[in-house]
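> Here's a sequence, model it:
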Amino acid sequence: MQPGKLYSIQVLRAVAALIVVLSHSIRAYTINAPGYMQGLPQSWLSSPWFRDGMAVGVDIFFVISGFIMVHVSEDYAEGRKTPGNFFLQRVERIYPPYIVATLVLMGLTIAWVHSIPADFTPSRIVASMALIPSFDSAGLVQPILGVGWTLSYEMYFYLAFAAALAIGRRQYLPVLMGTIIAVWFIATIISSRSAVGIFFSSPIVFEFLFGCLVARLYNTGKLPSLPLYSLVPAVAIMAVASYFHEADTLSEAWRFAYWGIPAAIVVATVLPLQVRGSIGEALRFLGDASYSIYLIHVVIIYNVLARFYPKLISYGLVRFIDQAVAMTFIVAVAGGVMFHLIVERPFNDWRKRSRKRAAANRIGAQGAASATDVPTPSD
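You can find the predicted model right below:
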């Protein structure tokens with residue numbers, strides 16, 4: 001199976017991003033509801049198992065991440081591209097939009113509170129910008145832009161993947177899996193309560209490996225063809241697990257099993273699917289914009305819309321929590337699309353043009369060097 005762009009994966013990216021935005025939109029106006037919303041009627045959206053179950057979008061993202069890395073690995077495993085090139089492209093892809101989103105968040109926060117929050121220390125800013133695990137003011141291991149905790153894992157995956165390619169070449173997958181599992185095992189045994197220790201000891205890293213295995217089976221033509229109805233039990237397991245997770249019956253430590261394995265089944269099931277027509281085009285576009293939507297949606301929810309809802313409520317334009325959730329969801333997704341069009345896509349286009357120019361210059365330089373080796377009549 002030759003690597004290529006899988007539109008089904010782009011559609012699944014869109015779905016994952018949208019359910020994460022929905023989860024955070026509900027949380028913002030239920031368990032995190034500001035005082036001026038406390039009296040608004042709530043509905044079934046406030047159910048904890050449903051609200052927090054939407055966080056499974058993150059687990060789907062992790063599986064997709066592992067899948068894509070293996071799916072596009074042939075050139076690197078064959079030596080046509082270097083592991084350093086792989087890692088550099090990922091760094092260029094992840095950091096610029098993330099840094100811009102973090103700066104936007106910091107600027108809006110300072111403007112909102114008219115002071116510099118205690119969390120904005122130089123060391124904390126540097127660690128956050130670099131995606132190095134660190135504690136926030138609430139004791140959580142996440143950067144200033146909270147959703148960036150997943151990007152810290154992404155960068156860890158990229159670095160481990162590049163190292164495995166450098167060490168194992170064609171046998172990079174066993175090296176990668178062994179490295180990820182060994183680091184997790186050592187961190188678990190040491191049981192450090194430092195931010196880095198907590199980061200490396202999280203078993204959520206296994207979801208990345210699930211995606212890697214799905215891609216290896218897919219690329220070699222050994223992935224079983226799962227019927228579409230396989231999505232039903234997978235989603236049902238996620239929902240039931242969410243209910244028991246909220247009841248404290250299932251530990252967060254088992255998230256990789258009760259959400260990660262069904263997420264891998266979802267990815268494997270949708271791979272051969274084709275979503276055509278205008279809906280398919282819209283979902284593929286949202287898939288392209290999914291990174292921006294994921295980055296900026298919390299900023300919009302907590303640092304932009306929070307300025308408008310008191311007025312909307314006082315004017316009687318928002319009477320129910322459901323209204324606020326629906327409006328927030330739409331505006332957050334739209335804001336993510338705008339961020340994609342204004343920040344992410346122009347930078348990616350510039351990056352691609354720069355690479356093409358650099359490649360053309362290298363070819364031209366090689367051609368000129370070869371020409372100097374051709375004997376002239378005077379030789």
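> contacts, neighbours, all on C-alpha from now
Noted.
> Run a quick check on Asp52 versus Tyr243, I expect a contact.
No - counting by C-alpha atoms under 8 Å, Asp52 stays clear of Tyr243, with 9.2 Å between them.
> what sits against Pro272?
With contact set as C-alpha atoms under 8 Å, 6 or more residues apart in numbering, Pro272 has these partners: Ser8.
> In a strand, it, correct?
No - checked against DSSP: H, G, I helix; E, B strand; the rest coil, Pro272 lies outside a strand; its state is coil.
> give me phi/psi at it?
phi -80, psi 0 (degrees, to the nearest 10).
> ok, so what distance separates it from Ser192?
Noted for Pro272: a distance of 43 Å to Ser192, by C-alpha to C-alpha, to the nearest Å.
> Contacts for stretch 176-196, please.
For stretch 176-196, the external contacting residues (C-alpha under 8 Å, 6+ apart) are 133-135, 141, 160-161, 163-164, 197-198, 200-203, 205-206, 209.
> So Leu40 lies in a strand, does it not?
No - according to three-state DSSP, the state of Leu40 is coil, so it is not within a strand.
> In this structure it contacts Phe320, no?
Yes - at 5.3 Å, Leu40 counts as touching Phe320 under the criterion of C-alpha under 8 Å.
> what number of residues lie near Ala360?
12 (other C-alpha atoms under 10 Å).
> nope, Leu283 is what I meant
Neighbours of Leu283 using other C-alpha under 10 Å come to 22.
> how about the nearest residue to it, chain neighbours excluded?
Once flanking residues are discounted, Leu283 sits nearest to Val11: 5.2 Å by C-alpha to C-alpha, 6 or more residues apart in numbering.
> What residues sit buried inside the one helix or strand that neighbour maps to?
Per DSSP states H and E: Val11 is located in helix 7-28. Neighbour-count burial for helix 7-28 flags 7-28 (criterion: 16 or more other C-alpha atoms under 10 Å).
> still on that earlier bit, residues contacting the residue nearest to Leu283?
Val275, Gly280, Leu283, Arg284, Leu286, Gly287.
> what's the distance between Gln171 and Phe185?
Taking C-alpha to C-alpha, one finds Gln171 at 22 Å from Phe185.
> With Thr30 instead?
37 Å.
> for Leu108, what are its contacts?
Asn303, Val304.
> before we move on, what about Arg124?
Ser134, Pro143, Ile144.
> what does Thr102 give?
Listed by C-alpha under 8 Å, 6+ apart, the contact partners of Thr102 are Met129, Ile144, Leu145.
> What ranges does the stretch 151-300 of the chain have for its helices?
Ranges of helices in the stretch 151-300 of the chain, per DSSP state H, counting those that start in this stretch, are 172-190, 195-200, 206-219, 231-246, 255, 261-270, 277-288, 290-299.
> who does the third one touch, helix- and strand-wise?
This means helix 206-219. Under the contact definition 3 or more C-alpha pairs under 8 Å, 6 or more residues apart in numbering; DSSP states H and E, helix 206-219 sits against helix 56-71, helix 172-190, helix 261-270.
> Report the angle between it and helix 261-270.
Angle, helix 206-219 to helix 261-270, by axes from the mean of the first three to the mean of the last three C-alpha atoms, to 10 degrees: 20 degrees.
> which residues sit against helix 206-219?
Counting by C-alpha under 8 Å, 6+ apart, 1-3, 59, 62-71, 157, 173, 177, 180-181, 223, 256, 260-261, 264, 268 sit against helix 206-219.
> How about that helix, which residues are buried there?
Buried, per 16+ other C-alpha under 10 Å, within helix 206-219: 206-216, 218-219.
> Throw the contacts of Thr102 into JSON lines and include neighbour count and secondary structure, thanks.
Shown next, in JSON lines, are the contacts of Thr102 (neighbours: other C-alpha atoms under 10 Å; DSSP: H, G, I helix; E, B strand; the rest coil):
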{"residue": "Met129", "neighbour count": "20", "secondary structure": "helix"}
{"residue": "Ile144", "neighbour count": "24", "secondary structure": "coil"}
{"residue": "Leu145", "neighbour count": "23", "secondary structure": "coil"}
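> Please identify which of these is nearest to Trp350.
Met129 (21.8 Å; C-alpha to C-alpha).
> wait, isn't the closest one in contact with Pro97?
No - with contact defined as C-alpha under 8 Å, Met129 does not reach Pro97; the gap is 11.0 Å.
> Pick out the residue closest to the middle of this protein.
The structure's the chain has its C-alpha centroid closest to Phe61; by C-alpha atoms, centre = their mean the separation is 5.4 Å.
> for that one, what are its contacts?
Counted by C-alpha under 8 Å, 6+ apart, Phe61 has contacts Arg13, Ala16.
> For it, report the pLDDT, please.
With respect to pLDDT, Phe61 scores 96.
> quick revisit: now the helix holding Val11: average pLDDT?
Across helix 7-28, the average pLDDT comes to 93.
> which strands and helices sit next to the helix or strand where Gly335 lies?
For Gly335, the host element (DSSP H and E) is helix 321-339. Contacts defined by 3+ C-alpha pairs under 8 Å, 6+ apart place helix 321-339 against helix 7-28, helix 290-299.
> Ramachandran coordinates for Phe135?
The phi/psi pair for Phe135 (degrees, to the nearest 10) reads phi -80, psi 140.
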